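K.L.:
Attaching a predicted model along with its sequence, questions to come.
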Amino acid sequence: MTNRIPIVLAAIAALAIPVLTADTYVIQLLNIAMLNAIVVLGLNFATGWTGQINFGQAAFYGLGAYATAIAAKAGLPWIVTPVLSVALVLVASLVLGLPTLRLRTYYLAMTTIGFGEIVRLIIVYWEPVTGGTSGLRTIPGISVFGFGPQGQMQHYYLLLAALALASLVAVRIRRSSLGRAMIATKDSEIAAEQSGVDTTRTKLLAFMIGAVYAGLAGCLYASSIRFVSPDSFSGVQAVLLMTMLIVGGMGSIAGCIIGALALTLLPEALRFLGQWYLVLYGLGVIVVIVLLPGGLASMIAMFPLRRLGAR
Amino acid sequence: MTGAPIVSARGVTRRFGGLVALDGVDLDVPSGIVQAIIGPNGSGKTTLLNALSGASHADAGSIRIGGAEIFRLKPHRIARLGLSRTFQNIRIFGDLSVLENVKVAAACHVRSSLFNIVVAGARQQATESDIEERARQALDLVGLAHRADDRARELAYAQQRLLEIARALASEPKVMLLDEPAAGMNTAESMTLLETIGKLKARGITILFVEHNVRLVMGISDRVAVLDFGKKIAEGTPSEVQRNPLVIEAYLGRRHRHA
Amino acid sequence: MGQLVVNGLALGSIYALVALGLLLIFNTVQIVNFAQGQLLMLGAFIGISGAVTHELPIALAWLATIVAMALIGVVFMLLVYFPLRGRPAFLVILTTIAMGIVLENLALIIWGPLPVSLPSPVRGPPLRFSGVVISMHQLMIFGTLAVILLLQYLLLTKTRFGILMQATAQDLHTARLVGIPINRTIAVAFALGAVLSGIAGLLVAPLFLAEPTMGGSLGLKGFIVSVIGGFGNLPGAVIGGMLLGLIETFGARYISSDFRDAYAFIVMIAFLTAWPRGLFGEKTSEKV
């Protein structure tokens, strides 16, 4: 079936990294990259596969993170926080998803951007609860029956497992009738309907599953990075997530991970550029879009790894 | 060829602004036959197909498929009641493989819950092999089994048309609507198409098709209905229709090229 | 309360101007420019550079800004429109957003993050009657909008060039076949679209201070106005703009001023749900 070798190689490499470099800064960066990858995998359902533009994914990420942060700081047992995060994003995704089902392209882009803005405004202005622009600090970490990962290294392996799980679920969905229905809806909504696909339900599901991915990633973010602020979930972040998806190849699972890795590590590597970084980033996005329609994953697809990117 | 008609349309009307595309069309299609719908350009043929399949609802009228009223139902519900179609402009799922294209339709009557999909247990595997079985059978019938794993958009034009038929077949329809299935095909390809339609009929599927190529139509249809300006002006066997003066006038009067 | 109406209408006029720029580009090339707000910001800052930094007379600063914006519009077109012709709309959206980020951060580098002020081109005591104060600048805003509407109407209907633009907008392919110089037409559309936003920037800066990050919300509001009025519809944009300006001003006063930006989005979502085609929009049907 699929070419297993690259996956095995990647897994070995991933497991080995903390052994090779004990630099906490790098590890934490990789942790954030993996969290981003989970969010982008979520975005892939609605945007990559179903073709529904969604600039609100960063908002779901933020909602999940803040729900966990607020609940944990309020003293609730950690095990409850992912449940709360998921519940919150599910409600939010219905609030955003239901009215927007019939919207196309520009209107959809605009509405999802607007949604992201509203969430950000709520976070910024509801200071007593969310800490406003300063955010929330010293969030309690993961603790299940008194056990929890300590230090970035242990979080690394936890998040690696989470990413692996997220990827596995995504692969299973892709190979099922739901995954095919999503892509069919994007390719030709009318033909999909005539083939028995309830496109409305499919779009909504894609949206909600994506939101859950982001919400859970947000929960993990709050619990492992232990600090949340509105900046991490802003409009620029939404664009960044979208770019990760595109750079990764828009629809390929491996591409989501590669794109997230590349675009989380790159800003750090280019940090010395200061303010110019964002200018170059913007220009870089344009160049990537113009030159590479298939994204990084399509370059990789030129090798026999083709089947890996369960497109 | 006996019993209640499988498609029964009464008074189907459709207006686009001031233009009346369909004007109270009545149509009864007996089960198991090949029914052609012909007529000059703009006579409302595709509009009728769209109304039947739910792609573009009629404004008024009643449409029954196998006895069930489908007026204004969403297309996917109509598909689940046993009607499928192909399109005038090919609408295959370009990003999916050939096999996956057909699987989409093969899953028509199957409900996979999200839980089952994620858990991917035995039940899901059974469902999936069911779907795959049906999909491959459909591909076999149209002769595309050897291209199963290729990306759908890589197929040649005529093969894409056959893929659409395979897809329409996979949802186990009682009625299949074909919208200009021979458009853009050469003679050899049209012959393959005719054979395929024959195979479909042999399986007991009622075929309703719209075609411009009148000569092609006459060869394979059991019955022909003729539309002009949104009204049905003639109906009968191919030879009856051919001799009908109203039909001749409708075509000649427009200096229609394909007559 | 009357004061709120005046303020709301003035604000709304600015939103209408942004929308007009957006619509000019959209009507010609079917692209929604998500960087329209940043163009407004550039207009404000170029004006500030001229009038404050270089102490040019304000009229000259305005002129310089208009010329500069026209050039920027053409450059914008070269960077965004040409390379992406024929690509899916989604990618164009992302590209214009990226351009917006580029422009915003260039502005931050050049002019720094602190808010700056721009004097109004008109001076004089405000008008007062029945408890309502209309500043000279607000009058200028209304006046500018009126003049621009008139000019746009004349350009599109009475000049040869305007008619070419309409033809290009209606059917690009045929326009090219018929020999209309579409590249030139498109360039003018982008230039004018940028100029309109630049003027909006020059008008808004004396009202609220200008800062490089102002483009985002103003651009979005321009889009929202286009949605309310129905894409492709100029009078709709004006009415939509006024409506939004009023809603925002009243909302900020009676509900909460922190959330002023949110009102616009809520209005838009409401409109998109209830009237997908806008108040005056055209019907679009999907061809099967």
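P.N.:
Cool, the structure landed. Residues are numbered from 1 along each chain as shown, chains lettered A, B, ... in the order given.
K.L.:
which residue sits closest to the closest residue to chain C within the stretch 101-250 of chain B, ignoring its sequence neighbours?
P.N.:
Among all residues of the stretch 101-250 of chain B, B:Asp179 sits closest to chain C, at 9.5 Å; criterion: Cβ to the nearest Cβ. C-beta coordinates here come from the backbone N, C-alpha and C atoms, glycine included. Counting by Cβ to Cβ, 6 or more residues apart in numbering or on different chains, B:Asp179 lies nearest to B:Gln88, which is 4.4 Å off, once chain neighbours are set aside.
K.L.:
Tell me the secondary structure at that neighbour.
P.N.:
Assigned with DSSP: H, G, I helix; E, B strand; the rest coil, B:Gln88 falls in the coil class.
K.L.:
how deep is it tucked in, by neighbour count?
P.N.:
16 (other Cβ atoms under 10 Å in any protein chain shown).
K.L.:
For chain C, what's its nearest residue on the stretch 101-250 of chain A.
P.N.:
Counting by Cβ to the nearest Cβ, the stretch 101-250 of chain A gets nearest chain C through A:Gly114, at 3.6 Å.
K.L.:
Identify the residues contacting that residue.
P.N.:
Neighbouring residues of A:Gly114 by Cβ atoms under 8 Å, 6 or more residues apart in numbering or on different chains: C:220, C:224, C:264-265, C:268-269.
K.L.:
and B:Leu162, which of the three is it?
P.N.:
Under three-state DSSP, the three-state class of B:Leu162 is helix.
K.L.:
Skipping adjacent residues, who's closest to it in space?
P.N.:
Closest residue to B:Leu162 apart from its sequence neighbours, by Cβ to Cβ, 6+ apart: B:Val142 at 4.3 Å.
K.L.:
Do you know the pLDDT at the one you found?
P.N.:
On pLDDT, B:Val142 comes in at 91.
K.L.:
Up against chain C, what does the stretch 1-150 of chain A have?
P.N.:
A:53, A:99-100, A:102-103, A:105-107, A:109-111, A:113-115, A:117-118, A:121, A:125 (Cβ under 8 Å from any Cβ of the partner chain).
K.L.:
Near residue 39, how many other residues are there?
P.N.:
Reading this off chain A. Number of residues near A:Val39 (other Cβ under 10 Å) recorded here: 31.
K.L.:
wrong one, chain B
P.N.:
26.
K.L.:
which SS state does the nearest residue to it once chain neighbours are set aside fall under?
P.N.:
Distance criterion Cβ to Cβ, 6+ apart; nearest residue to B:Gly39, sequence neighbours excluded, is B:Leu227 at 3.7 Å. Three-state call for B:Leu227 (three-state DSSP): strand.
K.L.:
how close does B:Leu227 sit to B:Leu155?
P.N.:
32 Å (Cβ to Cβ, to the nearest Å).
K.L.:
More neighbours: which of these two?
P.N.:
A count of neighbours by other Cβ under 10 Å puts B:Leu227 above the other of B:Leu227 and B:Leu155, at 27 against 20.
K.L.:
hang on, the more buried one packs against B:Ile233?
P.N.:
Yes. Shown here, B:Leu227 and B:Ile233 form a contact pair, counting by Cβ atoms under 8 Å, at 7.0 Å.
K.L.:
Spatially central residue in the chain, please.
P.N.:
In the absence of a named chain, this looks at chain A. By Cα atoms, centre = their mean, chain A has its centre lying nearest to A:Val39, at 1.0 Å.
K.L.:
my bad, the chain I had in mind was chain B
P.N.:
B:Leu177 (1.6 Å).
K.L.:
about what we covered before: and the gap between the residue of the stretch 101-250 of chain B closest to chain C and A:Gln194?
P.N.:
11 Å.
K.L.:
what do those two both touch?
P.N.:
Residues touching both B:Asp179 and A:Gln194 by Cβ under 8 Å, 6+ apart: B:Arg85.
K.L.:
The two - which one has more neighbours?
P.N.:
More crowded of B:Asp179 and A:Gln194, by other Cβ under 10 Å: A:Gln194, with 28 against 23.
K.L.:
mind listing what B:Val20 touches?
P.N.:
B:13-14, B:229-230.
K.L.:
where's it relative to chain A, distance?
P.N.:
Per Cβ to the nearest Cβ, to the nearest Å, B:Val20 is found 23 Å from chain A.
K.L.:
Assign B:Ala21 to helix, strand or coil.
P.N.:
strand.
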